[in-house]
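Asker: Any chance you can model this:
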Amino acid sequence: MKPVAALALAAGLLALPGCGERPAEAAAPRAATAAAADPATLELGRKVYNYRCYFCHGYSGDAKTLAATYLAPPPRDFTRGAPLDAPAILATVREGRGGTAMKSFRGILDEREMAAVAAFVAREFVRDKAPNTAYHTAENGWSDHGRFAAAFPFATGAIKLDAPVESLDASQRAGRQLFLSACVSCHDRAHVADEGPAWSSRPLSYPRMGFVPGQDTAPPVDAVSSASVYAKHDVVPRIEGLDPTQRRGEKLFQANCAFCHGADGTGKNWIGQFMEPKARDLTLYSASDMPAARLRSTIRDGLPGTSMPAWRHVLGRGEIDAVAAYVSRAFFRREGG
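Answerer: Residues are numbered from 1 along each chain as shown. Below is the predicted model:
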C-alpha cells in the first residue's frame with residue numbers, strides 16, 4: 001500500500017468512534033462543541049477555570065499574571081493569536097502540552113468538567129474577549145466587590161499602574177492605593193506602560209496584602225490575609241558560605257523557581273500547594289536521593305505529567321548547573337547529620 005493511502009486509511013479508522021481513543025473521549029469534542037450553547041455547562045466551566053486555571057491564564061484569559069513572568073514559554077493568551085475552538089482546547093486540557101507548564105488534567109478533572117472548561121474558554125475568551133470570568137461573586141466570597149470600584153481601572157488596564165501620580169485625580173490616587181494594598185494580591189501582574197522598575201515584581205506566589213512595587217521582603221504575617229500560613233515560605237533563606245556558582249544559582253532559583261517551589265524550597269507556598277501534583281518539597285531529598293546528574297536532567301527536561309516545564313530553552317547549561325548546585329547546597333538534607 002502506498003504511504004499516502006496508508007495514512008488516509010489510518011486517519012479514517014481513527015475518525016471512527018472507539019478507534020484510537022477511549023469511548024468517553026470519542027464523543028468529548030462533539031460534547032464540548034455542543035456545550036458551548038448550554039448555560040449550565042458554561043457555568044460549570046467557569047467554576048473549573050476560576051479554581052484550576054486562573055493563576056496562570058488570568059481572570060480575563062489574557063495571561064497577564066505573575067506566572068507569565070516566570071514561565072517559558074508563557075501561559076497561552078486566549079484572547080490573541082490564532083483562534084482555538086472548544087475541541088482543540090479540550091485536547092490540550094486532557095493531554096497537556098509537552099515542554100510547557102501545561103500538564104494533563106486527566107485524572108484531576110472528569111470528562112464533563114474538561115469539556116465544560118474548554119467550552120467556557122472558547123466562548124468567554126476566544127470568542128467574546130470577556131473582561132473577566134465573574135470570579136468576584138458572593139458565592140466565591142465577594143459579597144460586596146463594588147467597594148473596590150475605585151481600583152477597577154487599574155485591574156483592567158484602563159489606567160496604567162505606573163501612570164504619573166500627578167496625572168491622577170484624588171479618586172484615582174485612592175483607587176491606585178487600594179489596588180496596591182488589596183487587589184494586587186491576585187491581580188499580581190497588573191498593567192503598566194513600562195515593564196521596567198515601576199513594576200518590580202518578585203516571585204511571591206501567595207496573595208500578598210499590602211505589597212507595593214519594589215518591596216524586598218515579604219509582608220508581615222497577619223490575621224486578615226488568607227495567605228498568612230504561606231507567607232514564611234516566600235522568605236529567601238540566608239545561607240552563608242555559598243561559592244560563586246551557588247550564589248549565581250540562588251539568584252536564578254529565586255527569580256525562576258521560587259514561584260512554584262517557594263523561596264525556601266519546600267513547595268509549601270500558595271501556588272506550590274495549589275498545584276496537583278504539588279510542587280516538589282526539595283528539603284525532603286538528599287544528594288543520594290537526587291544525584292546531581294538527575295537533578296540537572298529534571299531542570300533541563302522537566303517532569304511529564306506535572307507543571308515542571310523543561311528549562312533548557314530558558315537557561316543555559318551553566319545556569320542549570322548553578323541552579324542545581326544551589327538547590328543541593330541550600331535545601332537538600334545533609335547525609336549523616
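
Asker: alpha carbons only for contacts and neighbour counts from here, please
Answerer: Noted.

Asker: Can you show me the helices along the stretch 101-250 of the chain?
Answerer: 111-121, 152-156, 170-181, 228-231, 244-256 (DSSP state H, counting those that start in this stretch).

Asker: Just the CA atoms of the last one, as PDB, please.
Answerer: Translated: helix 244-256. The C-alpha trace of helix 244-256 is given here as PDB (Å, rounded to 0.1, in the frame of the first residue of the first chain):
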ATOM      1  CA  PRO A 244      30.200  31.900  43.300                       C
ATOM      2  CA  THR A 245      28.400  29.100  41.300                       C
ATOM      3  CA  GLN A 246      25.900  28.600  44.200                       C
ATOM      4  CA  ARG A 247      25.400  32.300  44.600                       C
ATOM      5  CA  ARG A 248      24.600  32.600  40.900                       C
ATOM      6  CA  GLY A 249      22.200  29.600  41.300                       C
ATOM      7  CA  GLU A 250      20.500  31.400  44.200                       C
ATOM      8  CA  LYS A 251      19.600  34.300  42.100                       C
ATOM      9  CA  LEU A 252      18.400  32.100  39.200                       C
ATOM     10  CA  PHE A 253      16.300  29.900  41.600                       C
ATOM     11  CA  GLN A 254      14.700  32.900  43.400                       C
ATOM     12  CA  ALA A 255      13.900  34.600  40.000                       C
ATOM     13  CA  ASN A 256      12.600  31.500  38.200                       C
END
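
Asker: Least reliable of the helices of the stretch 101-250 of the chain by average pLDDT, please.
Answerer: Least confident of the helices of the stretch 101-250 of the chain, judged by mean pLDDT, is helix 228-231 with a mean of 64.

Asker: Am I right that Leu284 is in contact with Glu335?
Answerer: No: the criterion here is CA atoms under 8 Å, and Leu284 misses it with Glu335 at 11.5 Å.

Asker: Could you confirm Thr92 falls within a helix?
Answerer: Yes: looking at Thr92 with DSSP: H, G, I helix; E, B strand; the rest coil, it is inside a helix.

Asker: what's around it, how many residues?
Answerer: 18 (other CA atoms under 10 Å).

Asker: and if you look at Gly58?
Answerer: Neighbours around Gly58, by other CA under 10 Å: 27.

Asker: Without its sequence neighbours, what residue ends up closest to Leu303?
Answerer: Pro309 (6.6 Å; CA to CA, 6 or more residues apart in numbering).

Asker: how many other residues sit next to that neighbour?
Answerer: 24.

Asker: helix or strand for it, which one?
Answerer: Using DSSP states H and E, Pro309 falls within no helix or strand.

Asker: And for the one 5 residues further on?
Answerer: Using DSSP H and E, Val314 sits in no helix or strand.

Asker: Touching, it and Ala72? I think so.
Answerer: Yes: applying CA under 8 Å, one finds Val314 in contact with Ala72, separated by 6.5 Å.
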